[in-house]
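Novice: Need the 3D shape of this:
(chains A and B)
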Protein chains: 2
Amino acid sequence: MRFSKTFVKTLRTAPKDETARSASYLIRAGFVHKEMAGVYDFLPFGLKVMENIKNIIREELNAIGAEELQMTALQNPEPWQKSERWDSEKVDIWFKTELSSGGELGLAPTHEEPITNMMRTYIKSYKDLPAYVYQFQTKFRNELRAKSGIMRTREFLMKDLYSFTTDEKTHNTFYHQVENAYKRIYERVGLGDCTYQTFASGGIFSKFSHEFQTIIPVGEDTVYYNKDRSIVLNEEVVIPEVLDEFKVKKEDLESTRAAEVGNIFTLRYKYSEPLDLKFTDSDGEQKTVFMGCYGIGVSRVMGVIAEKFADDKGLVWPESIAPFKYYLVGIGENGVKAAEEIYAKDPDNILFDDRDLRPGEKFADSELIGIPYRIVISDKTLAENKAEITSRKDGKTELIDIDKILDN
Amino acid sequence: MRFSKTFVKTLRTAPKDETARSASYLIRAGFVHKEMAGVYDFLPFGLKVMENIKNIIREELNAIGAEELQMTALQNPEPWQKSERWDSEKVDIWFKTELSSGGELGLAPTHEEPITNMMRTYIKSYKDLPAYVYQFQTKFRNELRAKSGIMRTREFLMKDLYSFTTDEKTHNTFYHQVENAYKRIYERVGLGDCTYQTFASGGIFSKFSHEFQTIIPVGEDTVYYNKDRSIVLNEEVVIPEVLDEFKVKKEDLESTRAAEVGNIFTLRYKYSEPLDLKFTDSDGEQKTVFMGCYGIGVSRVMGVIAEKFADDKGLVWPESIAPFKYYLVGIGENGVKAAEEIYAKDPDNILFDDRDLRPGEKFADSELIGIPYRIVISDKTLAENKAEITSRKDGKTELIDIDKILDN
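Specialist: Numbers count the residues shown, from 1 in each chain, chains lettered A, B, ... in the order given. Next up, the predicted model:
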């Protein structure tokens, strides 16, 4: 797109209360706009990044046979009362509201209860199982303190997947498929080599759950790992029993800060039992459905990526999720003319900085916004029939034939 | 997709409180699930229809230079207080909630205030105008009575577009472009020949606003039209002054029930004035930004389409927004084998009913779900190397060569 056509401008400053570097850059580069603490609008560039992440997640989940649907934000108390999660004393992040016709409602902080309740309509027999469903849905969490920019917010986009199976064995097979899908997702969004599947507390129903943690200095969590990183433990499970089980000693583990970017959880009968989600098995018996849930905070992942790769000049987006692949600048009359020709070849992948600004200002914006490749065309490069291409990631510059500039 | 792979099942009955035919069918056919009055989940088929409608809208709005973004549901009172729309006595459809850290918040019933407020960051000069931005966003409206299924709900998906211009003249040009874009949208979703642009009350700032009304017996509104339907008026403007202006007499107008499927509105300075959205014009003067807003209730449009075309057997989707183009049934061993071959050619566009059910049940489901074309293959059709194709819309059946069955 042409930069002159978007209303978005880069800003010199971000709100003073933004302590996270990523949040400051995301605001200054025009990806998000802050409504209030923990509540952010997604502007066109930011929405593109979010959609790119969503599409990668969608492809990987569809590939393992999950179906997309969309639940609602407004929540009836009833199913949550059954699972004992309605009471704000017990679950302290509820936003509650009232129907004008009478009755309390909640804004969904997660969706185990309504989805388990809904499945009672569709799951009757073992023939109706397994069922794997997911959604991209806005969650609302009444955090006392919102912080870290879009990494921990009060309103955020989450991908939540739920599995419904006849038994633990079928569950385990799918759980393992999700583990692999998640690994592919983190790989594809650019977090592959700094994200580890960790063991976390399983609560009272399973020995462990799994989290995916990205190593990052500003992470809220601490993880412990052995030398080859084959064992990575969340802090809460670094206790004698667990260390014994993994046959490691605490002194052999190193620790680092990390940010949770996903979790997968064997729920067993935690929700299906109180919400009475049963099926008739092939032997004619009534049994309770075995469940799992699997989350990825999409806007949170975007924040972690922003934080992870940013440098002192601004954001650095991995190519797979960048809003555009190229940032195009023409210098001088001939440079601009040649840039127009390049732009016409692939306008969707190019952010063409056709604004009436000095080249230096454009270069600074291209670095702040973090588009993977900057292309510059000027009389100097045209003399050789070439254009200059600079990688945002490592700053390396090459001169390439104009005809081949979009080939890499 | 294979019908055996979705958790969705058609249902024999819908909740008794659903009076709208479309709602009953949408629930029975597995497009939506009712959480409570006026709050519906979108199941996989329903989500596909919604996405198809969204994509048509998106293409038409992008084509007139509008940019997509996404605002938040949670609302700070401040901008709404400035425009005097925060008070629940004045705006009676607010859902309000409380921050655990203190302070009242609202759930956005619309977005004029936050978007006008946000634009103060980006619009400073006449050079920053015009700006045209839109979103697909969940709106929350605390309706005393929710009714008509997904046509009037408490939580719904809306496309809202806002225009910001230096003056009325630029505004009028864009307003006209939106009129045309809306006409193309209704045409493309299948409502073209029963949807009219009507004159509606303009409030205190304009003589008229425009609505788009679809003629439909269960519509909540009444519209009046002249013989050639060149003048279509909402009931509230059928008053002597207006009739004089259009040079028509009331007795020459006919009336009919209609459902509003869109509205476009010249806001002038209604929000930019109280929210102080100003720009420096080319003459150096500070001026107030001229605004317009343009809405389409996406889930409402889906409901109107469902209602409009349904017959006594179920839903009838226009091809452009149907979740699948074909519903495929193989009868007998050879029929199923041949159906598998057809399915493999275009699995995304085919709902292959591979369930272990009698053909009659599959035919009934194909009619209830309303897929545009049903393809049936059996020994009888295979004897002629053909398949039977039946149009859901008019019931017409043809025998077509198997190789060409997906060509129409």
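
Novice: Give me the buried stretch members for the helix or strand of chain A with the lowest mean pLDDT, please.
Specialist: One helix or strand of chain A scores below all others by mean pLDDT, DSSP states H and E: helix A:240-245, with a mean of 90. Neighbour counts using 16 or more other CB atoms under 10 Å in any protein chain shown place A:Val242, A:Leu243 of helix A:240-245 among the buried residues. In this view, the C-beta of every residue, glycine as well, is placed from N, C-alpha and C.

Novice: right, and the helix or strand after it?
Specialist: Following helix A:240-245 in sequence order, the next helix or strand is strand A:254-268 (DSSP states H and E).

Novice: For chain B, what's the nearest residue on the stretch 301-408 of chain A?
Specialist: Using CB to the nearest CB, the single residue of the stretch 301-408 of chain A nearest to chain B is A:Asp356, 8.2 Å away.

Novice: Got the confidence number for that residue?
Specialist: What the model reports for A:Asp356 is a pLDDT of 94.

Novice: ok, now A:Glu18?
Specialist: 87.

Novice: quick one, helices of the stretch 51-200 of chain A?
Specialist: Using DSSP state H, counting those that start in this stretch, the helices found in the stretch 51-200 of chain A span residues A:77-82, A:112-122, A:168-189.

Novice: Next, see if the longest one gets close to chain B.
Specialist: No. Contact between helix A:168-189 and chain B is absent, the nearest approach being 13.7 Å (criterion: CB under 8 Å from any CB of the partner chain).

Novice: What is the burial count for the residue of the stretch 301-408 of chain A closest to chain B?
Specialist: A:Asp356 has 6 neighbouring residues, counting by other CB atoms under 10 Å in any protein chain shown.

Novice: could you measure it against A:Phe3, distance?
Specialist: Counting by CB to CB, to the nearest Å, the gap from A:Asp356 to A:Phe3 is 10 Å.

Novice: before we move on, what about A:Asp87?
Specialist: A:Asp87 is 51 Å from A:Phe3, where distance means CB to CB.

Novice: got the end-to-end distance for stretch A:22-33?
Specialist: Terminal residues of stretch A:22-33 lie 13 Å apart, using CA to CA, to the nearest Å.

Novice: which outside residues touch it?
Specialist: In this structure, residues lying in contact with stretch A:22-33 by CB atoms under 8 Å, 6 or more residues apart in numbering or on different chains are A:8-15, A:18, A:34, A:40-43, A:45-46, A:49, A:148-151, A:303-304, A:306-307, A:310, A:314-315, A:365, A:368-370, B:118, B:121.

Novice: Report the buried members of those residues.
Specialist: For the contacts of stretch A:22-33, buried by 16+ other CB under 10 Å: A:8-11, A:14, A:18, A:34, A:40-43, A:45-46, A:49, A:148-151, A:303-304, A:306-307, A:310, A:314-315, A:365, A:368-370, B:118.

Novice: Out of these, which sit inside strands?
Specialist: In strands, judged by DSSP state E, the following of the buried ones among the contacts of stretch A:22-33 are found: A:Lys34, A:Tyr40, A:Asp41, A:Phe42.

Novice: show me what contacts the last one?
Specialist: Contact criterion CB under 8 Å, 6+ apart gives A:Phe31, A:Val32, A:Met50, A:Ser299, B:Leu69, B:Gln70 as the residues in contact with A:Phe42.

Novice: Check what pLDDT the closest residue to A:Val316 other than its chain neighbours gets.
Specialist: Nearest non-adjacent residue to A:Val316, counting by CB to CB, 6 or more residues apart in numbering or on different chains: A:Phe309, 4.1 Å away. A:Phe309 carries a pLDDT value of 97.

Novice: you'd agree A:Phe309 is up against A:Ile321?
Specialist: No. Assessed by CB atoms under 8 Å, A:Phe309 is found out of contact with A:Ile321, at 10.7 Å.

Novice: out of the two, which sits in the more crowded spot?
Specialist: Ranked by neighbour count (other CB under 10 Å), A:Phe309 and A:Ile321 place A:Ile321 first, with 21 against 18.

Novice: Please list all residues in contact with that one.
Specialist: By CB under 8 Å, 6+ apart, A:Ile321 lies in contact with A:Val49, A:Asn52, A:Ile53, A:Ile56, A:Val189, A:Gly190, A:Met302, A:Ile305.

Novice: where does it land in three-state SS?
Specialist: Following DSSP: H, G, I helix; E, B strand; the rest coil, A:Ile321 is assigned to coil.

Novice: Near the closest residue to chain B within the stretch 51-200 of chain A, how many other residues are there?
Specialist: Nearest to chain B in the stretch 51-200 of chain A, going by CB to the nearest CB, is A:Ala131, at a distance of 3.8 Å. Here the number of neighbours of A:Ala131 (other CB under 10 Å) works out to 21.

Novice: any idea what sits nearest it, other than its immediate chain neighbours?
Specialist: Closest to A:Ala131 by CB to CB, 6+ apart is B:Phe7, at 3.8 Å.

Novice: Give me the neighbour count for the one you found.
Specialist: Other residues near B:Phe7 number 21, with proximity taken as other CB under 10 Å.

Novice: can you check A:Asn263 too?
Specialist: By the criterion of other CB under 10 Å, A:Asn263 has 18 neighbours.

Novice: Chain neighbours aside, what residue packs nearest to it?
Specialist: A:Asn263's closest residue in space is A:Glu211 (CB to CB, 6+ apart), at 4.7 Å.

Novice: now do A:Phe45
Specialist: Excluding the flanking residues, the one nearest A:Phe45 by CB to CB, 6+ apart is A:Pro323, at 4.4 Å.

Novice: Which positions within stretch A:269-276 qualify as buried?
Specialist: Across stretch A:269-276, burial judged by 16+ other CB under 10 Å covers A:Lys270, A:Tyr271, A:Ser272, A:Glu273, A:Pro274, A:Leu275.

Novice: I meant stretch A:315-334, not that one.
Specialist: Buried-residue list, stretch A:315-334, by 16+ other CB under 10 Å: A:315-318, A:321-331.

Novice: any idea of the mean pLDDT in that stretch?
Specialist: On average, stretch A:315-334 scores 98.

Novice: gap between it and the chain center?
Specialist: Computed by CA atoms, centre = their mean, to the nearest Å, the chain-centroid distance of stretch A:315-334 equals 23 Å.

Novice: And stretch A:393-407, by the same measure?
Specialist: On CA atoms, centre = their mean, the centre of stretch A:393-407 falls 30 Å from the chain's centre.

Novice: and the end-to-end length of that stretch?
Specialist: Distance between the boundary residues of stretch A:393-407 (CA to CA) amounts to 18 Å.

Novice: And the contacts of that stretch?
Specialist: For stretch A:393-407, the external contacting residues (CB under 8 Å, 6+ apart) are A:309, A:316, A:326, A:338, A:342, A:345-346, A:349, A:372, A:375, A:377, A:381-382, A:384-391, A:408.

Novice: Centre of the chain to stretch A:228-240, how far?
Specialist: In this view, stretch A:228-240 has its centroid 24 Å away from the chain centroid, taken as CA atoms, centre = their mean.

Novice: tell me which residues in that stretch are buried?
Specialist: For stretch A:228-240, burial by neighbour count (16+ other CB under 10 Å) applies to A:Ile231, A:Val232, A:Leu233, A:Asn234, A:Val237, A:Val238.

Novice: Same question for stretch A:133-144.
Specialist: For stretch A:133-144, the neighbour count (16+ other CB under 10 Å) marks A:Val133, A:Tyr134, A:Gln135, A:Phe136, A:Gln137, A:Thr138, A:Lys139, A:Phe140, A:Arg141, A:Asn142, A:Glu143 as buried.
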